[in-house]
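# Sharing a model that was predicted from the sequence below.
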Amino acid sequence: MKSRSALNKLGLLLLFAVSGFVISCASSSDIQQVQSDAGHLSQEINSLQASQESLRIDNDLYKADLKKLEDANKQLFLMLTAQAKEINDQSVLVTTQADNIATQAREINAQMDAIVSQSSEITGQAEQINTQAEQINIQALQILDLQSSLQAQGIQITAQRQTSKSLEDKVSVQGQVTGQLKSDLDAQKAADNDLLEKINKLPTAACSIEESSTDVRSNTFKVTVSSGYTTGNGTAFFIGNSEFITNEHVIDKATRILLSNDEQSFYATIVATSRSRDLALLRVGNSVSLAATGLATRTLIDSDTGKKIGVTGYPKGLGDTASVSYGVISRVFVDDNRNEKLQTDAAISPGSSGGPVFNQCGQVVGVISSKLTGASVEGLGFAFSSDTLTDFLNDVSSRGLR
């Protein structure tokens, strides 16, 4: 509005100025021309004013459209911002889901590996099952054969039962006869024991324990055992047939066993041992020629208690010749393992273990095994009796080792 008013004022001033100039300077024709030009100019001014008004209206419309466009842009921006946030949230969710899918994929791969491994194991087990099935079929055939064999044996057993019944009748009759024979045998054994006791009570002037000790010493050997870097000593005695007797504890854990006296030395091997009896049987090779003759054994009887005996051995492993000491049989008893033993007051020292206890005639009546020691203890030596030695040798023979 202000622009149009200013323009009108300018047009009027210009018209007046021109009119005045024309009136003062121009002629009538010129004035008319000027007036005509002024008319044209007024028309153009009016046209300009109309154009200006049209432009103003267009400008107002443009501003209104621009305002609408700005509002639309704001709404679009807000919408795009919300969509961008939503897309960002969805992107985070998609990333999380992708991580979960990757984890699940790894787990699936691990499960697939486990399934492949299990499949291999199942295949192996299936092969084993097939093999076992074949074996079962073979065994089934064997069982059928066995059943047929058992049926045949059943027929034989039935026949044998009939035969056994007849034999049982005969055995019953023989049992009565055997009972009578056992009674007769026990009576004969009692008579033999009485006779033996009487014989032992006969004067023994023909035997001298001092003279017998020479033969016993020649059959007594020092035992030197090696086990790793350690050595030990004991005593053994010769019983014939390349066999020697000693204590089990003497040769326990030995890797090498040397037997020696003042005439010979040779290595021996272990044939059999008995821990409960503390006895061991040794043997030398057939190539060894022994100067010793071997010692015989004699059964102990009750009347032997108090009789003089001798003991040979190598106390402390000293010397190459067996020493001898004398004493008496203090008592005969049975130990906790039900083995018969004897007690003696003869001098016994470490190294004598395994040596023979002999009577006046040089017969072995025991095998030295141990002694009690202490400030107030004297003359308490112990030996396994000749009966225990005989039981041990019989056991070895029954096992096929002699």
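Sure, I can see it.
# longest helix of the protein?
helix 28-201 (DSSP state H).
# by contact count, what packs against it?
If contacts are counted by 3 or more C-beta pairs under 8 Å, 6 or more residues apart in numbering; DSSP states H and E, helix 28-201 sits against helix 2-25. Bear in mind the C-beta positions are built from the backbone N, C-alpha and C, glycine included.
# Are we agreed that Ala236 is in a strand?
Yes. Ala236 forms part of a strand when assessed by DSSP: H, G, I helix; E, B strand; the rest coil.
# how much space is there between it and Ile209?
Between Ala236 and Ile209 the computed distance is 21 Å (C-beta to C-beta, to the nearest Å).
# Ok, Ser218 next?
Taking C-beta to C-beta, one finds Ser218 at 15 Å from Ile209.
# do the same with Leu41
Distance from Leu41 to Ile209, by C-beta to C-beta: 185 Å.
# These two: who's more crowded?
Ile209 (19 against 15; other C-beta atoms under 10 Å).
# residue contacts, the more buried one?
Residues in contact with Ile209, defined by C-beta atoms under 8 Å, 6 or more residues apart in numbering, are Lys308, Ile309, Gly310, Tyr326, Phe358, Asn359, Gln360, Gly362.
# and the residues you listed as TSV, adding neighbour count and distance to Ala187?
Shown next, in TSV, are the contacts of Ile209 (neighbours: other C-beta atoms under 10 Å; distance: C-beta to C-beta, whole Å):
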residue	neighbour count	distance to Ala187
Lys308	13	33
Ile309	23	32
Gly310	23	36
Tyr326	15	39
Phe358	30	32
Asn359	23	28
Gln360	19	31
Gly362	22	33
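# The nearest residue to Ser260 once chain neighbours are set aside in helix, strand or coil?
With sequence-adjacent residues excluded and distances taken as C-beta to C-beta, 6 or more residues apart in numbering, Ser260 is closest to Lys222, at 5.2 Å. Following three-state DSSP, the label given to Lys222 is strand.
# Residues in a beta bridge with Lys222, which ones?
Thr235, Ser260 (DSSP bridges).
# distance of it from Ile257?
11 Å.
# Please apply the same query to Val396.
Val396 is 17 Å from Ile257, by C-beta to C-beta.
# Neighbour count for these two, which is higher?
The neighbour comparison of Val396 against Ile257 (other C-beta under 10 Å) goes to Ile257, with 23 against 18.
# in the host helix or strand of the more buried one, what's buried?
Assessed by DSSP states H and E, Ile257 sits inside strand 256-260. When burial is assessed from 16 or more other C-beta atoms under 10 Å, strand 256-260 yields the following buried residues: Ile257, Leu258, Leu259.
# which of those residues lies closest to Gly317?
Within the buried residues of strand 256-260, the smallest distance to Gly317 is 11.4 Å, found for Leu258 (C-beta to C-beta).
# wait, what's in contact with that closest one?
Taking C-beta under 8 Å, 6+ apart as the test, what Leu258 contacts is Val223, Thr224, Val225, Ser226, Ser265, Phe266, Tyr267, Ala268.
# cool, Val311 as well?
Contacts of Val311 (C-beta under 8 Å, 6+ apart): 324-327, 344, 346-348, 352, 355-358, 368, 381.
# which SS class is it?
strand.
# In CSV, list the C-alpha atoms belonging to stretch 84-95.
Listed next in CSV are the C-alpha coordinates belonging to stretch 84-95 (Å, rounded to 0.1, in the frame of the first residue of the first chain):
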residue,chain,number,x,y,z
ALA,A,84,14.7,-42.8,11.2
LYS,A,85,14.5,-43.6,15.0
GLU,A,86,12.2,-46.5,14.2
ILE,A,87,14.6,-47.7,11.5
ASN,A,88,17.6,-47.3,14.0
ASP,A,89,15.7,-49.3,16.6
GLN,A,90,14.9,-52.0,14.0
SER,A,91,18.5,-52.0,13.0
VAL,A,92,19.6,-52.6,16.6
LEU,A,93,17.0,-55.3,16.8
VAL,A,94,18.1,-56.8,13.5
THR,A,95,21.8,-56.7,14.7
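# what about it, distance to the chain center?
Here stretch 84-95 is found 59 Å from its chain centre; the criterion is C-alpha atoms, centre = their mean, to the nearest Å.
# try stretch 218-233
38 Å.
# what does stretch 35-49 give?
With C-alpha atoms, centre = their mean, you get 126 Å for stretch 35-49.
# just for the stretch 251-400 of the chain, where's the confidence low?
374-377 (pLDDT under 70).
# any idea how far Glu127 is from the residue positioned nearest the centre of the chain?
Centroid-nearest residue in the chain, with C-alpha atoms, centre = their mean: Glu121, separated by 24.8 Å. Here the criterion is C-beta to C-beta. By it, Glu121 lies 11 Å from Glu127.
# repeat for Lys63
92 Å.
# Equivalent analysis for Arg399, please.
In terms of C-beta to C-beta, Arg399 sits 47 Å off from Glu127.
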